[in-house]
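1. dropping a prediction and its sequence here:
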Protein chains: 2
Amino acid sequence: MSADRFAHLYSQDALCARPSAIRDICALVARPEVRSLAGGWPDPASFPIEEVTRIFGEMIGECGEEMLQYGSTEGIVKLRQALAERMRGEGVAGADPDAILMTHGSAQGMHLATQVFVDRDDVVMVGLPTYFGGTGAIGSRGGEVAGVPVDQNGMNTEFLGREVNRLKGSGKRVKGVYVIPSFQNPTGVTLSLNRRHHLLQLAEEHDLIIFEDDPYCDLRFEGERLPSLKSLDRDGRVIHLRSLSKIFAPGMRLGWAAGEAGAIRQMAVAKQFADCATNTPAQYVLLEFIRQGLLDRQIKANIDHYRAKRDFMLEHLDRHFPEEVSWNRPEGGFFIFVHLPKGWDAGELLRRAIEKNVVFVVGQAFFVDGSGRNTFRLSYSQASLEDIEAAIVEIGSLIKDELK
Amino acid sequence: MSADRFAHLYSQDALCARPSAIRDICALVARPEVRSLAGGWPDPASFPIEEVTRIFGEMIGECGEEMLQYGSTEGIVKLRQALAERMRGEGVAGADPDAILMTHGSAQGMHLATQVFVDRDDVVMVGLPTYFGGTGAIGSRGGEVAGVPVDQNGMNTEFLGREVNRLKGSGKRVKGVYVIPSFQNPTGVTLSLNRRHHLLQLAEEHDLIIFEDDPYCDLRFEGERLPSLKSLDRDGRVIHLRSLSKIFAPGMRLGWAAGEAGAIRQMAVAKQFADCATNTPAQYVLLEFIRQGLLDRQIKANIDHYRAKRDFMLEHLDRHFPEEVSWNRPEGGFFIFVHLPKGWDAGELLRRAIEKNVVFVVGQAFFVDGSGRNTFRLSYSQASLEDIEAAIVEIGSLIKDELK
């Protein structure tokens, strides 16, 4: 509960709202002496500054009036056509510009999707652990979340099926599943193909919507790209949420949602009253960036960039972390997830790390059931190589001290 | 109710959501032969294209990495400082950057405010008529709206006081008042100073929040600027919502919310899960636009631009509309509101106007109680002078035919 002056007038949702678990850490990160493996922001060194500058100039010269005017709520038609074409290339056979909605980041896509599909006390299944942006959006609608364990193959769909049955049996209205299928935040794991099929089958069986949050799918460092849930979806149950933040520029706040036409139309109606329309200059610049073939080039460059950083972090984990600690080798994305020995408290480790000016995110922040006490998330996306090395050395040394 | 494929899974709010009343007209407006006085969008001829181009180049050269990176949810500190300074200049003595939230347009400000303050069945008082963006945001939270007549001095606060008493007496939870105090959409009228004071007094008396939606306040053509409700607010009850869309560039989707610090903090928490943060390049460009003194210059230019268009429309209304019809002379903003003789149906007039390739918005769309059948809104903001004249001539002629 809040001690705010007008708390007595707040909505139930506002009274339940909690700021993101990493906001406090963000304040720490701002201090220049702190080496942070906490933030999951992209590396500014990867931004296509030169190309954006050139294209902005070209486009505003060509169509400045359209570029500074309101756009339609759905987004610029040509951009949605270009994105539909890309999706068809990714195996979404029927991708249709009219069933695409431009959003201010995939975060807004998720927010609008919950506005359309989630009522107070409705349940959405989420990974244990999962990104708190997704659970936050569900919570902002008064929805409940129920956890499903995530292992090296992603969300455990066998467990999911049983849990949905159990919840429905107890009278709960289960509406959907929130899943980050590629290089999940925070674990870095990818949902296996078998489980993708199983998840879709469960969605049909239990009449569920799948909120497929897929901001990292383009950043695969190795191995074969798996088909998105959307591309396997024969029943229109997947709301596919994409972001340009990791492959273009996060400050542009661009993402898109693609799904069954009626549901996307409802999301567009919700967007009308949420912020009218998506930033127009950003859309024009992205459209031209795609047209000039720069997005594909940028994705390739980012893959190389982040693969090198992942390799660097893995190398230093191998070198400096003791064998009592385990972690995964993500095939893409931004994150590595670490397990401390059972019974350990990553929060305590963080407190000691902060004293050494090193920060990371405790895993518990990502577990809606409060578990995961002995886990933490490391991100290699934003930190410099120097910071990655120094922070890993420091954390490793703190863990070794504890083992003594 | 919707016939959508997944309508059975939609939230209550989605089932109640209605697209904006002018969306259908927008489709018509896209046809080149149509002369439209419907849209309330700014005139692209007023956009500061050259300055934005130059400043974008300067800023991205200076701080490209920051400019393309995520910003904080609250918005860029220096921009909030600059806006707080402007607000102090407008008489908001305590304007504080920490109690300002950057938003994607004032529409998002209203949406976040309703997320914080409106629960299902809560009542918010609105003008009869009022802008449907505001009522749409309230509706998206399951809130109810109750109408208060608007006359030439704005919302009738005597009526408001009685109506709040009546609603509270009937067990309703009245949470706030949504008001557009300057050159209101759709009527163009301004809330008088006496009524501003009275409204604040009523808010204290009845423990209400005032949602002050003030996108047009800077566009005053004549007469003295009235103090904003925020500047008169001694009790922190006003959530002041501002837009850059009418004085800078609507495509940039920039606005801000200012209010009591706790409430703004709650809105920032809501924004975190709504879209994370506001577009960063847009914020940097606006900041520099303000710093270089261009925003004040732009406001002056826009005042001259729209005043001339208003005068032109008024002149042609005088010339071509019969005396049985009445309209107001707005002192600013984008809109003129027309009353047809009692018993007339502006919808019927619109149907005949469309046959002549002329469109406007029927007033009824702005009345939450379904009244206002004999009214319509004319906008001079976007139309060319040629279109304004031709459309007024046509509508006037249709009205005269009807009078025969």
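-> Nice, I can see it. Since this is a predicted model, take the numbers as computed values, not measurements.

2. strands of chain A, start to end?
-> A:35-36, A:100-103, A:123-128, A:144-151, A:154-155, A:174-179, A:209-213, A:238-243, A:255-258, A:326-327, A:335-339, A:358-359, A:361-362, A:375-379 (DSSP state E).

3. look up the closest residue to residue A:173, ignoring the ones flanking it.
-> Distance criterion Cβ to Cβ, 6 or more residues apart in numbering or on different chains; nearest residue to residue A:173, sequence neighbours excluded, is residue A:122 at 5.2 Å. Using the backbone N, CA and C atoms, a C-beta is placed for each residue, glycine as well.

4. near that neighbour, how many other residues are there?
-> 20 (other Cβ atoms under 10 Å in any protein chain shown).

5. cool, residue A:314 as well?
-> Neighbours around residue A:314, by other Cβ under 10 Å: 17.

6. one step back: dump the strands of chain A to TSV, plus distance to residue A:345 and mean pLDDT.
-> Listed next are the strands of chain A as TSV, based on distance: least, Cβ to Cβ, whole Å; pLDDT from 0 to 100:
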stretch	distance to residue A:345	mean pLDDT
strand A:35-36	20	94
strand A:100-103	38	98
strand A:123-128	18	98
strand A:144-151	20	98
strand A:154-155	26	98
strand A:174-179	27	98
strand A:209-213	29	98
strand A:238-243	33	98
strand A:255-258	36	98
strand A:326-327	17	98
strand A:335-339	13	98
strand A:358-359	16	96
strand A:361-362	9	96
strand A:375-379	10	98
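
7. any idea how far stretch A:384-398 is from the chain center?
-> Relative to the centre of its chain, stretch A:384-398 is centred 25 Å away, using Cα atoms, centre = their mean, to the nearest Å.

8. may I have the least confident helix or strand in chain A by mean pLDDT exported as PDB, CA atoms only?
-> Least confident element among the helices and strands of chain A, by mean pLDDT, DSSP states H and E: helix A:23-29 (a mean of 71). Listed next in PDB are the C-alpha coordinates belonging to helix A:23-29 (Å, rounded to 0.1, in the frame of the first residue of the first chain):
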ATOM      1  CA  ARG A  23      14.600   0.300 -10.900                       C
ATOM      2  CA  ASP A  24      16.600   0.600  -7.600                       C
ATOM      3  CA  ILE A  25      19.600  -1.000  -9.200                       C
ATOM      4  CA  CYS A  26      19.300   1.500 -12.100                       C
ATOM      5  CA  ALA A  27      20.000   4.300  -9.700                       C
ATOM      6  CA  LEU A  28      23.200   2.500  -8.600                       C
ATOM      7  CA  VAL A  29      24.200   1.900 -12.200                       C
END
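
9. same for it, what does it pack against?
-> strand A:35-36, strand A:358-359 (3 or more Cβ pairs under 8 Å, 6 or more residues apart in numbering or on different chains; DSSP states H and E).

10. need the residues that contact the last one.
-> Contacts of strand A:358-359 with the rest of the structure, by Cβ atoms under 8 Å, 6 or more residues apart in numbering or on different chains, involve A:25, A:28-29, A:34-38, A:350, A:353, A:390-391, A:394-395.

11. still on that earlier bit, buried residues in the least confident helix or strand of chain A?
-> Buried positions in helix A:23-29, judged by neighbour count with 16 or more other Cβ atoms under 10 Å in any protein chain shown: A:25, A:26, A:29.

12. ok so, going back, any chance of the backbone angles for the residue nearest to residue A:173?
-> Backbone torsions for residue A:122, taken as degrees, to the nearest 10, come to phi -60, psi 150.

13. test my guess that it contacts residue A:146.
-> No - using Cβ atoms under 8 Å, residue A:122 is not in contact with residue A:146; the gap is 10.8 Å.

14. need the residues touching each of the two.
-> Joint contacts of residue A:122 and residue A:146 (Cβ under 8 Å, 6+ apart) are residue A:174.

15. sorry, back to before: chain center to the least confident helix or strand of chain A, what's the gap?
-> 19 Å.

16. dump the strands of chain A to JSON lines, plus mean neighbour count.
-> Output for these, formatted as JSON lines (neighbours: other Cβ atoms under 10 Å in any protein chain shown):
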{"stretch": "strand A:35-36", "mean neighbour count": "23"}
{"stretch": "strand A:100-103", "mean neighbour count": "28"}
{"stretch": "strand A:123-128", "mean neighbour count": "26"}
{"stretch": "strand A:144-151", "mean neighbour count": "20"}
{"stretch": "strand A:154-155", "mean neighbour count": "26"}
{"stretch": "strand A:174-179", "mean neighbour count": "26"}
{"stretch": "strand A:209-213", "mean neighbour count": "28"}
{"stretch": "strand A:238-243", "mean neighbour count": "28"}
{"stretch": "strand A:255-258", "mean neighbour count": "25"}
{"stretch": "strand A:326-327", "mean neighbour count": "16"}
{"stretch": "strand A:335-339", "mean neighbour count": "22"}
{"stretch": "strand A:358-359", "mean neighbour count": "22"}
{"stretch": "strand A:361-362", "mean neighbour count": "25"}
{"stretch": "strand A:375-379", "mean neighbour count": "25"}
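
17. please enumerate the helices of chain A.
-> Per DSSP state H, chain A carries helices over the ranges A:12-16, A:23-29, A:49-68, A:77-89, A:105-117, A:132-139, A:157-169, A:193-206, A:229-232, A:261-274, A:280-291, A:294-320, A:346-355, A:385-403.
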